[in-house]
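A.B. asks: Give me a model of this one.
(2 chains)
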Amino acid sequence: MRATRWVGAFVLSLLFAAPALAADAIKIGAVLSVTGPASFLGEPEKNTLLMLQDQLNAKGGINGQQVEVIVYDDESDVNKAVMAARKLLDQDNVSVVIGPSISGNTLAIAKFFAAAEVPLVSCAAAEKIVHPVNPWVFNTPQLDRHAVSRILLDAKAKGYAKLAILTVSDGYGQAGRAVLKELVPAQGFSLVADEVYGPKDTDMTAQLTKIKGAAPDAIICWGTNPGPAVVARNRAQLGLTTPLYMSHGVASNKFIELAGEAAEGLILPAGRLVAVEQLSADHPQKQALEAYVADYAKAFNAPISSFGGYAHDAFKLVIQAIAQGTSAKSADIRDNLEKIAAFPATTGVYTYTPEDHNGLNEEAFIMVTIEKGTWKVTQ
Amino acid sequence: MDPSTLLQYLVTGLTLGSTYGLTALGFTIIFNTTGVINFAQGEFVMLGGMMSVSFMAALGLPEPAAVVLAVIGATLIGALVERLAIRPVRHCPPINLIIITIGVSILIRGLAMLVWGKDTHALEPFSGSAPILVLGAAIMPQTLWVLGVSLVLLSGLKLFFSATIHGKAMLACSYDAKAASLVGIGVPRMVRLSFMISALVGAVGGVLLAPITLTSFDVGVMLGLKGFAACILGGLGNPFGAAAGGIILGVLESLGAGFVSSAYKDALAFVILLVLLFVKPSGLFGRKDFKRV
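C.D. replies: Residues are numbered from 1 along each chain as shown, chains lettered A, B, ... in the order given. The predicted model follows:
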């Protein structure tokens, strides 16, 4: 009799204590494309967030509070992203949301966040996410504009005048194509060919043959694996020697593996993650990059990608905003994100302002050349 | 337009087309025995490529051994599909069986994703990657492999269906399964054989294509679709028509990308397919009334 009463009391106390404990944790929501076509983005992002959560909690959390990351998988599908965002805002009452992984999904859910007054830190790169500025929406990846500017800077230095572009017909390629078609003429180049390929295409020889006929000084290819690897292979097969620029969408070792020998000599803008060991010791990003690379390799025994870095930076920025403002309320996190200045992370050095919710510039990219199957920083 | 560019488009079309043709061949074999379109055909192609890649990486086998093992493995999976998914419901009308093959394709794709992950993989070309230049157009050695092996498979199948007792028995099953079994043909055995042969043809295709097109767990979807279109274009049930249909589709795509616009090349190929079906519903090389013996 006595024993059962004790057990009852214990269970009751647990019932009351559990919600109290849970309420104590800072809830960070995440909508990521863990599966589906964009899983190469979402999977490393999810791994990274959960790893950082555990690291932070092991150190005692932030301002004495534990952090709880709630990850929903949108399966690269816009409807599921909307459902996940609604659930995070209405049921889970999160303080801040990280993600989605892809631009289309980010744009679809961005409008909820101003209404709910919860900040969103997206891991997707489209310019529309931060231009015009939605006061509640931030993002972490470099913008396409930064990559294109970097490529054109390189092309100008090498004295090229005629450029050809070859873009994939998905959201990533269309956004890149729009910026290319704007900046190429604006920077004084002439655009001699504008070709497109499908995301599932397995042969781009026809497009390259057509580009060859237009005799450009250089070709810019915009896409994510595996398309650009096929473009690189086809270029080698055709015996084309026209220089080929790739976008930052292929800046991972997987690309070199897929393209094989055909990758030799290709030039692309990339985040500093691909060449951590070539960074000078006093570079502001060196420490963040080295820590992330070492931790990720230890936790998952898998090669690292810059995509996980976008989630890493989003998480660190949110934590920095909480630490700076000593509050985990949604409105305070938003206000303090805009006060973050010169914050070094894996993708770049962030300075958010009320007018700039991307926080990066061309400096976040380095130009790399693929030489002997590895990345060589050229500038 | 200089002739070398035109020749390059044609060579590209031929390469692309033979990839569709190889997938289409598999469709005709199962159709010829069961009257069923096997929508898991693209998955057999994927299995051939992925299994070769993983045998080479995981077991450290040399390429020829890995390729042979992969083809044998895919053939066994073909037999397994017939035993587990088709035989239990063999008395259903073909439309039900066709829907089951769609389910099988989704299942195989899902399992492949779990086993091999979502990454794309590349296989080394069989005889190097130095292009052969002919009149200013570059031809890959691997393209010659694809064309050569397709030709061998095609003539082998032609011979099998017209000159061997097993081939004729399989054709008899497609015309009338009941009559075929009345004259002593083991219909279930023929159906199993047809699944194994089509898996074998698909896997050989997958192995040949992996160095050109790269491979991942979901390459079967598009290949299956294009292969099916090639089949329809050439006329269902005719292996020669399937191969020709594939090549025509590939050349159309390549010329469309070259002369019209690369943005509409898929649409162009399918529009021409639709127009053809309005004019000649049985396909280019299909018989008017297929069922009449």
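A.B. asks: Can you name the residues of the stretch 101-250 of chain B that neighbour chain A?
C.D. replies: By Cβ under 8 Å from any Cβ of the partner chain, the residues of the stretch 101-250 of chain B that approach chain A are B:118-122, B:124, B:129, B:131, B:133, B:138, B:140, B:209, B:212-214, B:216, B:219, B:221-222. (Glycine included, C-beta is placed from N, CA and C.)
A.B. asks: In strands only, show me those.
C.D. replies: Among those, DSSP state E puts B:Leu133, B:Ala138 in strands.
A.B. asks: Out of the residues of the stretch 101-250 of chain B next to chain A, list just those in helices.
C.D. replies: Cross-referencing those against helices under DSSP state H gives B:Leu209, B:Ile212, B:Thr213, B:Val219, B:Val221, B:Met222.
A.B. asks: tell me which of those residues is nearest to chain A?
C.D. replies: When those are ranked by distance to chain A (Cβ to the nearest Cβ), B:Thr213 comes first, at 3.4 Å.
A.B. asks: residue ranges with poor pLDDT in the stretch 1-150 of chain B?
C.D. replies: Applying pLDDT under 70 to the stretch 1-150 of chain B flags residues B:1.
A.B. asks: Quick one: the helices in it, in order.
C.D. replies: Listed in chain order, the helices of the stretch 1-150 of chain B (DSSP state H, counting those that start in this stretch) span B:3-34, B:41-58, B:63-81, B:94-116, B:141-163.
A.B. asks: What of the stretch 201-350 of chain A?
C.D. replies: Taking DSSP H, counting those that start in this stretch as the test, the helices found in the stretch 201-350 of chain A are A:205-214, A:227-238, A:253-259, A:286-300, A:306-325, A:330-337.
A.B. asks: Can you check which of those helices gets nearest to chain B?
C.D. replies: Closest to chain B of the helices of the stretch 201-350 of chain A is helix A:205-214 (Cβ to the nearest Cβ; 3.8 Å).
A.B. asks: Flag every buried residue along that closest one.
C.D. replies: Across helix A:205-214, burial judged by 16 or more other Cβ atoms under 10 Å in any protein chain shown covers A:Thr205, A:Ala206, A:Gln207, A:Leu208, A:Thr209, A:Lys210, A:Ile211, A:Lys212, A:Gly213.
A.B. asks: With stretch A:59-70 instead?
C.D. replies: Within stretch A:59-70, the residues scored as buried using 16+ other Cβ under 10 Å are A:Gly61, A:Ile62, A:Val67, A:Glu68, A:Val69, A:Ile70.
A.B. asks: Quick one: name whatever helix or strand follows the strand or helix carrying the fourth one.
C.D. replies: Looking back up the chat, that one is A:Glu68. Assigned by DSSP states H and E, A:Glu68 falls within strand A:67-73. For strand A:67-73, the succeeding helix or strand toward the C-terminus, using DSSP H and E, is helix A:78-90.
A.B. asks: pLDDT and neighbour count for the ones in helices among the residues of the stretch 101-250 of chain B next to chain A - can I get that in TSV?
C.D. replies: Converted to TSV, those look like this (pLDDT from 0 to 100; neighbours: other Cβ atoms under 10 Å in any protein chain shown):
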residue	pLDDT	neighbour count
B:Leu209	89	27
B:Ile212	86	25
B:Thr213	85	27
B:Val219	90	26
B:Val221	89	17
B:Met222	86	19
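A.B. asks: Tell me the one of those nearest A:Gly36?
C.D. replies: Minimum distance to A:Gly36 across these is 13.4 Å, recorded for B:Val221 (Cβ to Cβ).
A.B. asks: Which helix or strand in chain A has the lowest average pLDDT?
C.D. replies: helix A:2-24 (a mean of 56; mean pLDDT, DSSP states H and E).
A.B. asks: Following that one in sequence, what is the next regular element?
C.D. replies: Counting by DSSP H and E, what follows helix A:2-24 is strand A:26-32.
A.B. asks: Would you mind listing where the stretch 251-379 of chain A has pLDDT under the threshold?
C.D. replies: Confidence mapping of the stretch 251-379 of chain A against pLDDT under 70 gives the ranges A:379.
A.B. asks: contacting residues around A:Ser76?
C.D. replies: Going by Cβ atoms under 8 Å, 6 or more residues apart in numbering or on different chains, A:Ser76 touches A:Ser33, A:Thr35, A:Gly36, A:Pro37, A:Ala38, A:Ser39, A:Gly42, A:Ser101, A:Ile102, A:Asn105.
A.B. asks: Pull the number of nearby residues for the residue of the stretch 51-200 of chain B found nearest chain A.
C.D. replies: Taking Cβ to the nearest Cβ, chain A has its nearest neighbour within the stretch 51-200 of chain B at B:Thr120, 4.1 Å off. Counted with other Cβ atoms under 10 Å in any protein chain shown, the neighbours of B:Thr120 add up to 23.
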